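Enquirer: Mind looking at a prediction? Sequence and model below.
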Amino acid sequence: MRKYLKRFLIVLFLLVLVFLALPFLAAPWACHIGGDIVCFGGAAEVAGSVWGPCTYTGAVEIVDGPPIDWRYSGGFKCVAAGRAGGKTYVAFIRGVGADSIGDPFKSEAERDLCFCAKERIVPCIFAKTAVLLNRVGIFVVDVEKGVGYLFIGYWMIPSDLNYSYFIFGGDGVYLIDGLVAKMGAKREIGGPLLKGCAYRVKIRLEPEKLTISQPLYNITTRAVKVG
């Protein structure tokens, strides 16, 4: 009887160790975001046009994009669309919530595991927080090419953004320098924000359901070219 009790206690001890160590063992895969990240050059003085608001009634399907948790974010909103360099570009925004560690990636369980590992919280069950932080997805799409660049904005809300932040120049779309400073991409949950970088993804749109406006005014300012 004593022999079986000893074995039971050893197994129980090992199970407790595994339970306590789980966040740290899981951290590499729980924290890693993945996705094709591209970084753009610095800001330069550019001239172009600001186009008016757009309307899009079709579906937006991101292919092989980063694992963003869009559950409570609603849909994509078309904020600017126009012609640049002989092609059609469109800019979408979409709000997204982030809890615990402040990043809107993967599932809540994976975010909590990553949070526990980074903050050295054991056991992880006590790490759950009720905080909900606002983040914004800014998505610039080359319609003909079927390629998009997805940024995550960390110090803004959707109502902060409108068509005036997007410039349609002679060779593509530019983002106002002040906007680029507030957004970017990450390689891991809780990791540093790579400002001026975005996730390059394939995109499926329904071009016939996109209605673009007209150029509203010309502008010369410091901006960063996307793409």
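Expert: Yep, that arrived. Predicted model only: the values in this text are computed from it and were never measured.
Enquirer: Straight-line length of stretch 205-215, end to end?
Expert: 22 Å (C-alpha to C-alpha, to the nearest Å).
Enquirer: To clarify, my last question referred to stretch 155-175.
Expert: Terminal residues of stretch 155-175 lie 16 Å apart, using C-alpha to C-alpha.
Enquirer: Identify each buried residue in that stretch, please.
Expert: Neighbour-count burial for stretch 155-175 flags 156, 158, 161, 163-169, 172-175 (criterion: 16 or more other C-beta atoms under 10 Å). Glycine gets a C-beta too; all of them are placed from N, C-alpha and C.
Enquirer: what's the farthest-apart pair in the residues you listed?
Expert: Set against one another by C-beta to C-beta, the buried residues of stretch 155-175 have their most distant pair in Pro158 and Gly169, with a gap of 24.7 Å.
Enquirer: Distance of Gln156 relative to Pro192?
Expert: Not quite, residue 156 is Met, not Gln. Using C-beta to C-beta, to the nearest Å, Met156 is found at 18 Å from Pro192.
Enquirer: At the geometric centre of the chain, which residue do we find?
Expert: In the chain, the C-alpha nearest the mean C-alpha coordinate belongs to Ile152, at 3.7 Å (C-alpha atoms, centre = their mean).
Enquirer: what's near enough to touch that one?
Expert: When contacts are counted by C-beta atoms under 8 Å, 6 or more residues apart in numbering, Ile152 is found next to Ile68, Val96, Pro104, Arg135, Val136, Gly137, Ile138, Met183, Gly184, Ala185, Lys186.
Enquirer: got a markdown table for these, with neighbour count, secondary structure and distance to Cys116 too?
Expert: A markdown table is the format used below for these (neighbours: other C-beta atoms under 10 Å; DSSP: H, G, I helix; E, B strand; the rest coil; distance: C-beta to C-beta, whole Å):
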| residue | neighbour count | secondary structure | distance to Cys116 |
| --- | --- | --- | --- |
| Ile68 | 22 | strand | 21 |
| Val96 | 22 | strand | 22 |
| Pro104 | 26 | coil | 18 |
| Arg135 | 23 | strand | 21 |
| Val136 | 24 | strand | 27 |
| Gly137 | 24 | strand | 26 |
| Ile138 | 26 | strand | 30 |
| Met183 | 24 | strand | 27 |
| Gly184 | 20 | strand | 25 |
| Ala185 | 23 | strand | 24 |
| Lys186 | 21 | coil | 18 |
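Enquirer: Trp51: which of these is nearest?
Expert: Nearest to Trp51 among these, counting by C-beta to C-beta, is Ile138 at 16.0 Å.
Enquirer: and Thr88, what are its bridge partners?
Expert: The residues paired with Thr88 through beta bridges, assigned by DSSP bridges, are Arg83.
Enquirer: tell me the mean pLDDT for stretch 170-180?
Expert: Confidence over stretch 170-180, taken as the mean pLDDT, stands at 91.
Enquirer: Give me the residues contacting that stretch.
Expert: When contacts are taken as C-beta under 8 Å, 6+ apart, the neighbours of stretch 170-180 outside the stretch itself are 43, 46, 48, 84-85, 87, 89, 91, 138, 140, 153, 161, 164-168, 195-196, 221-227.
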